[in-house]
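# mind folding the following:
(chains A and B)
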Amino acid sequence: MSEVAKTKEPKEPLFSKKNKQLVTDPLTDNNPITIQVLGICSALAITVQVKQAVVMSISVMFVLILGNMIISMLRNLIPSRIRIIVQLVVVASLVIIVDQLLAAFMPDVSEQLSVFVGLIITNCIIMGRFEAFAMANKPWPSIMDGFGNALGYAWILVLVAVVRELLGSGSLYGYKIFGSAIPGEEWGLYTMGYANNNMMILPPMALIVVGIIIWVQRSRNKALIEEH
Amino acid sequence: METTLDIFVKAIFSENMIFAYFLGMCSYLAVSKTVKTAVGLGAAVIFVLLVTVPVNYLLENYLLKEGALAWIDPNNQALADMDLSFLSFIMFIAVVASIVQLVEMLVEKFAPALYGALGIFLPLIAVNCSILGAALFMSERQYSTIGDATAFAVGSGIGWFIAIVAIAAIREKVRYSNVPAPLRGLGITFILTGLMGIAFMSFMGIDYKSEKKDDAKVVTSQLAPNNNTNTNKLPE
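Alright, predicted model coming up:
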């Protein structure tokens, strides 16, 4: 290994500072959802339950890492005029794999996610990262970038899902946290008159929860504040 | 059975692409700064939906669905059993991308004025979730005729148009308001969209014929015990 390294240009270590930054930047200050505003389309509709959000995040991570890698390896072969179609074909093939795997091993989740698995194809994070990063960088940094952005997407998704499932259904990942509200056999907080906030289950609340996350994030880091 | 008009109205209001499913949010947030550009993008979305959904409907029903290939040769069992639905994602997105490209070229050639208005938005639309989303919903909901599918497409397009023009108008006004600094721009747009979504949820109360509520059934049966339960009209 060291001999190979000597003959070549001084090689960057796999986890150099720059590569690590590719992973950590999208988590906070360059988050795909709250700062770059990409991938909102599928992000909000599936945050009613934590389980759906986790499955969705893992699917996006799979597609984004592999897609970034493939596009980065092909980047010198793709004519720039038809690059969008090439990118779409790569994503669509990867999403078909994800969809078939979900349908085979997790049929119930696949049923709940319905069209949103297919919509990973047009998830703006994926096309955005292909355009902005994978088309101009080597495979390894592209993989790191894909991983980082998918992680940044995932944690916002899971955070929104935690808020909505906890307050809306009183459970987390399907486990009852606040007790059971079934009439006749209530236990936990519900015996004391606690009630779920059904509003949290409604689709618009996802937007408002994300809005509040953006608010918190930007008041902690003033540099992110927009003019208007 | 839902009528075509039901499907159309439902797609505009109670199943609005933006407020009920959050489809096409990326361009919705990016291009809603002024009403003028919002109108351009909204019109382009209606147009592309109108073209792509019927094409995808035909593709789905004569090529991809289980047994859809039977029209080639009714006696061929292998064709009747063929299920290509796993290919639908790649087919739909290929159709959307190529039609958008084609439409762009045609509009540029034959309607330069329209191209001036829509041109820059057309490439954006290929990756707009609402276009692929409409194709996938169309395939999931199994519309019975191409007319229903087209009504759904136009309805979704109009719903999307209303949403983006409304938020653009609000954003133009919000610019003069004293929004807390960290919420400016993106944050307040999210919250506004959420509030508009809550307002749009009130359309869910519309009683479509296929989604008859239980209490409505009770009323019907009390008023007319001999009435066939399949007819949904209240007795005059």
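
# all the helices of chain A, residue numbers only.
Under the criterion DSSP state H, helices of chain A are mapped to A:2-7, A:17-24, A:40-45, A:50-74, A:83-105, A:107-113, A:115-118, A:124-132, A:139-169, A:204-220.

# just the ones you listed: most buried one?
helix A:40-45 (a mean of 28; mean count of other Cβ atoms under 10 Å in any protein chain shown). C-beta here means a position set from N, CA and C on the backbone, and glycine is covered the same way.

# from the chain's centroid, how far away is that one?
Its chain's C-alpha centre and that of helix A:40-45 lie 10 Å apart, by Cα atoms, centre = their mean, to the nearest Å.

# picking up where we left off before, got the helices of chain A as CSV, with mean pLDDT and distance to chain B columns?
Shown next, in CSV, are those (pLDDT from 0 to 100; distance: least, Cβ to the nearest Cβ, whole Å):
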stretch, mean pLDDT, distance to chain B
helix A:2-7, 47, 39
helix A:17-24, 80, 22
helix A:40-45, 75, 4
helix A:50-74, 92, 12
helix A:83-105, 90, 4
helix A:107-113, 86, 11
helix A:115-118, 85, 4
helix A:124-132, 85, 4
helix A:139-169, 90, 11
helix A:204-220, 89, 3
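
# B:Y28 contacts B:I18, doesn't it?
Yes: contact status for B:Y28 versus B:I18: in contact at 6.0 Å, counting by Cβ atoms under 8 Å.

# any shared contact partners between the two?
Shared contacts of B:Y28 and B:I18 (Cβ atoms under 8 Å, 6 or more residues apart in numbering or on different chains): B:W160, B:A163, B:I164, B:T193.

# can you point out the buried residues in the one helix or strand the last one maps to?
Same thing as B:T193. B:T193 belongs to helix B:186-201 when assigned by DSSP states H and E. By neighbour count on 16 or more other Cβ atoms under 10 Å in any protein chain shown, the buried set for helix B:186-201 is B:186-194, B:196-198, B:200-201.

# hey, C-alpha coordinates of that helix in PDB?
Extracted in PDB, the C-alpha atoms of helix B:186-201 (Å, rounded to 0.1, in the frame of the first residue of the first chain):
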ATOM      1  CA  LEU B 186     -37.700  30.100   3.800                       C
ATOM      2  CA  GLY B 187     -39.000  29.700   7.300                       C
ATOM      3  CA  ILE B 188     -42.000  32.000   7.000                       C
ATOM      4  CA  THR B 189     -42.800  30.400   3.600                       C
ATOM      5  CA  PHE B 190     -43.000  27.000   5.200                       C
ATOM      6  CA  ILE B 191     -45.300  28.200   8.000                       C
ATOM      7  CA  LEU B 192     -47.500  30.100   5.500                       C
ATOM      8  CA  THR B 193     -47.800  27.000   3.300                       C
ATOM      9  CA  GLY B 194     -48.800  25.000   6.400                       C
ATOM     10  CA  LEU B 195     -51.500  27.500   7.300                       C
ATOM     11  CA  MET B 196     -52.800  27.500   3.700                       C
ATOM     12  CA  GLY B 197     -52.800  23.700   3.800                       C
ATOM     13  CA  ILE B 198     -55.000  23.800   6.900                       C
ATOM     14  CA  ALA B 199     -57.300  26.200   5.100                       C
ATOM     15  CA  PHE B 200     -57.400  23.800   2.100                       C
ATOM     16  CA  MET B 201     -58.200  20.900   4.400                       C
END
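
# is it anywhere near chain A?
Yes: residues of helix B:186-201 are located near chain A by Cβ under 8 Å from any Cβ of the partner chain, namely B:L186, B:G187, B:I188, B:F190, B:I191, B:T193, B:G194, B:L195, B:M196, B:G197, B:I198, B:M201.

# what mean pLDDT does that helix get?
In this model, helix B:186-201 has a mean pLDDT of 89.

# other SSEs contacting it?
Helices and strands touching helix B:186-201, by 3 or more Cβ pairs under 8 Å, 6 or more residues apart in numbering or on different chains; DSSP states H and E, are helix A:204-220, helix B:17-21, helix B:25-30, helix B:146-174.

# spatially central residue in the chain, please.
Reading this off chain A. The residue lying closest to the centre of chain A (Cα atoms, centre = their mean) is A:Y153, at 3.1 Å.

# not quite, go with chain B.
Closest residue to the average C-alpha location of chain B: B:S156 at 2.9 Å, with Cα atoms, centre = their mean.

# quick one, what contacts it?
For B:S156, the contact set (Cβ under 8 Å, 6+ apart) comprises B:A11, B:I12, B:E15, B:M17, B:L49, B:S130, B:A134.

# tell me the buried residues in stretch B:135-153?
Neighbour counts over stretch B:135-153 (16+ other Cβ under 10 Å) mark B:A135, B:L136, B:F137, B:M138, B:S139, B:Y143, B:D148, B:A149, B:T150, B:A151, B:F152, B:A153 as buried.

# what does stretch B:50-65 give?
Neighbour-count burial for stretch B:50-65 flags B:51-57, B:59-61, B:63-65 (criterion: 16+ other Cβ under 10 Å).

# kindly reformat those as a markdown table containing secondary structure.
Shown next, in a markdown table, are these (DSSP: H, G, I helix; E, B strand; the rest coil):
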| residue | secondary structure |
| --- | --- |
| B:V51 | helix |
| B:T52 | helix |
| B:V53 | helix |
| B:P54 | helix |
| B:V55 | helix |
| B:N56 | helix |
| B:Y57 | helix |
| B:L59 | helix |
| B:E60 | helix |
| B:N61 | helix |
| B:L63 | helix |
| B:L64 | helix |
| B:K65 | coil |
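
# now B:F161. Nearest residue, chain neighbours left out?
Once flanking residues are discounted, B:F161 sits nearest to B:G42: 3.4 Å by Cβ to Cβ, 6 or more residues apart in numbering or on different chains.

# and whichever helix or strand the one you found is part of, how far out from the chain's middle?
Assigned by DSSP H and E, B:G42 belongs to helix B:35-59. In terms of Cα atoms, centre = their mean, the centre of helix B:35-59 is set 9 Å apart from its chain centre.

# stretch A:29-43 now?
With Cα atoms, centre = their mean as the basis, stretch A:29-43 stands 9 Å off its chain's centre.

# OK, contacts around the nearest residue to A:F133 once chain neighbours are set aside?
Nearest residue to A:F133 in three dimensions, chain neighbours excluded: A:D145, at 4.8 Å (Cβ to Cβ, 6+ apart). Residues in contact with A:D145 (Cβ under 8 Å, 6+ apart) are A:L22, A:V23, A:P26, A:N68, A:R129, A:F133, A:A134, A:N137.
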